[in-house]
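S.K.: I need the structure of the sequence given here:
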Amino acid sequence: MNDEKMKILEMLEKGEITAEQASALLSQVSPHKAERRERKEHDPFGIGWSGLSAELGNIVEEVTSGIEEVTSSLSEVFGNSFFTEMKGERVSFSQSSGAIQGDIASVKLISKNAKLVIIGHDENFIRLSGEYVAKHSEARPVINLEGNKVEIAYDYHAMHSMKILCELPNVFIERLQLDNKNSSIKVSEIRCRNLSAKTKNASIKLSDVEADKAILETSNASIATEEVKFNQLYTKTSNASIKLHDFLNGAENAEAYEHEVEAYTTNASISVELPENFAYKIQATTTNAGVKCDLDDMDYEKQTKTYLNGKSPNYEQTRNRIKLNLSTTNASIKIE
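M.R.: Below you'll find the model as predicted:
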């Protein structure tokens, strides 16, 4: 380093000049080197960068124009959906059945990595719709709506993402089976005899649903119900909460009946809001947390911080009864 540069740096260190002034002085000391650096920044390959940039721009314009011409020609043959799939964009699909006569025997949807939404509507047909992003143009769902059945099949590995909406007429469904993985299931405004909703690593939610028997299973995600009526309800997950709220309201039976509720999880809470005008029989257990029950007039066979076993007076003689079995670990259970 020459004496001039040393002097400039010393002046900067003593605060006699600013950093900007020091930079200007250093560039004057070595003007040729600064010029070479500036040329290198603007033309790193030494081949006339501005000219090359202009040439590349012309090439890109010609290629783009050619692609648009080919796309326009093929679109007339295959339709717009072909290119939507080819470019990896969202593709919509929709298919409806004929008029539904009477009740529906079976609805079965098996999927993976697809959000499932099942909802009742006032029309007399089944409609299966949704959207997906495919990895290639041949990946598309195959739908079967014959014989009052609902089926959809597709190559799970060929899809980036998928959403499925199944709209069912407001008639009675004998069996509703929903099997999914790694994505959520939502069911609303449905009446059926047997309901099975199973997934993994994603949530399950029911609202405004009536079923004789409902089985809800997932893992590492929550389960929630509201405004549901059932005779038997089985819920199971892990590492996530279970919320059973606003159920069996207005479901008092003329004859004696015992409804059953089972809720199992780990490392997360369970919350249950019980309806009025019912008698209750409750067994609840947890570890490293507490069981809280805000019900009046309960006869407890055993009650500790982590365990509860009790029932309403005259439980067996009461017309409408609910039997609950609740279990978790490392989290609370709340019953109210």
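S.K.: Could you chop the chain up by domain?
M.R.: According to automatic domain parsing, the chain comprises the domains 3-74, 79-189, 203-336.
S.K.: Can you flag the weakest of these by average pLDDT?
M.R.: Of all the domains of the chain, the minimum mean pLDDT falls on domain 3-74 (a mean of 60).
S.K.: hang on, the earlier thing: want to throw the domains of the chain into TSV with mean neighbour count and distance to A197?
M.R.: To be clear about C-beta, it is placed using only N, CA and C from the backbone, and glycine gets the same treatment. Converted to TSV, these look like this (neighbours: other CB atoms under 10 Å; distance: least, CB to CB, whole Å):
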stretch	mean neighbour count	distance to A197
domain 3-74	11	42
domain 79-189	17	5
domain 203-336	17	5
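S.K.: hey, where'd the helices end up in this structure?
M.R.: 3-14, 19-29, 31-42, 49-78, 80-86 (DSSP state H).
S.K.: Check the offset of the second one from the chain's centre.
M.R.: Its chain's C-alpha centre lies 59 Å from the corresponding centre of helix 19-29 when counted by CA atoms, centre = their mean, to the nearest Å.
S.K.: Which strands and helices lie in contact with that helix?
M.R.: helix 3-14 (3 or more CB pairs under 8 Å, 6 or more residues apart in numbering; DSSP states H and E).
S.K.: and if you look at the first one?
M.R.: Helices and strands touching helix 3-14, by 3+ CB pairs under 8 Å, 6+ apart, are helix 19-29.
S.K.: what angle do the helix it packs on and helix 3-14 make?
M.R.: Per axes from the mean of the first three to the mean of the last three CA atoms, to 10 degrees, the angle that helix 19-29 makes with helix 3-14 is 180 degrees.
S.K.: Turn the domains of the chain into a markdown table, columns for distance to L195.
M.R.: Converted to a markdown table, the domains of the chain look like this (distance: least, CB to CB, whole Å):
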| stretch | distance to L195 |
| --- | --- |
| domain 3-74 | 45 |
| domain 79-189 | 5 |
| domain 203-336 | 4 |
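S.K.: ok, E210 touching E227?
M.R.: No: the criterion here is CB atoms under 8 Å, and E210 misses it with E227 at 9.6 Å.
S.K.: now the strands: where do they sit in the stretch 101-250 of the chain?
M.R.: In the stretch 101-250 of the chain, the strands defined using DSSP state E, counting those that start in this stretch lie at 104-110, 114-121, 127-134, 142-144, 151-153, 159-169, 173-179, 185-198, 204-217, 223-236, 242-247.
S.K.: Generate JSON lines for the ones you listed, with distance to D299 as supplementary columns.
M.R.: Listed next are these as JSON lines, based on distance: least, CB to CB, whole Å:
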{"stretch": "strand 104-110", "distance to D299": "43"}
{"stretch": "strand 114-121", "distance to D299": "41"}
{"stretch": "strand 127-134", "distance to D299": "51"}
{"stretch": "strand 142-144", "distance to D299": "54"}
{"stretch": "strand 151-153", "distance to D299": "50"}
{"stretch": "strand 159-169", "distance to D299": "44"}
{"stretch": "strand 173-179", "distance to D299": "38"}
{"stretch": "strand 185-198", "distance to D299": "33"}
{"stretch": "strand 204-217", "distance to D299": "29"}
{"stretch": "strand 223-236", "distance to D299": "24"}
{"stretch": "strand 242-247", "distance to D299": "23"}
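S.K.: Looking at those, which is nearest to M6?
M.R.: With CB to CB as the measure, strand 159-169 is the member of the strands of the stretch 101-250 of the chain nearest M6 (60.7 Å).
S.K.: For beta bridges, what are the partners of T285?
M.R.: Note on T285: beta-bridge partners Y307, S327, judged by DSSP bridges.
S.K.: Revised request: answer the last question for L195.
M.R.: L176, A214.
S.K.: repeat for the one 10 residues further on
M.R.: K205 forms beta bridges with K186, A224, as assigned by DSSP bridges.
S.K.: Cool, thanks, signing off.
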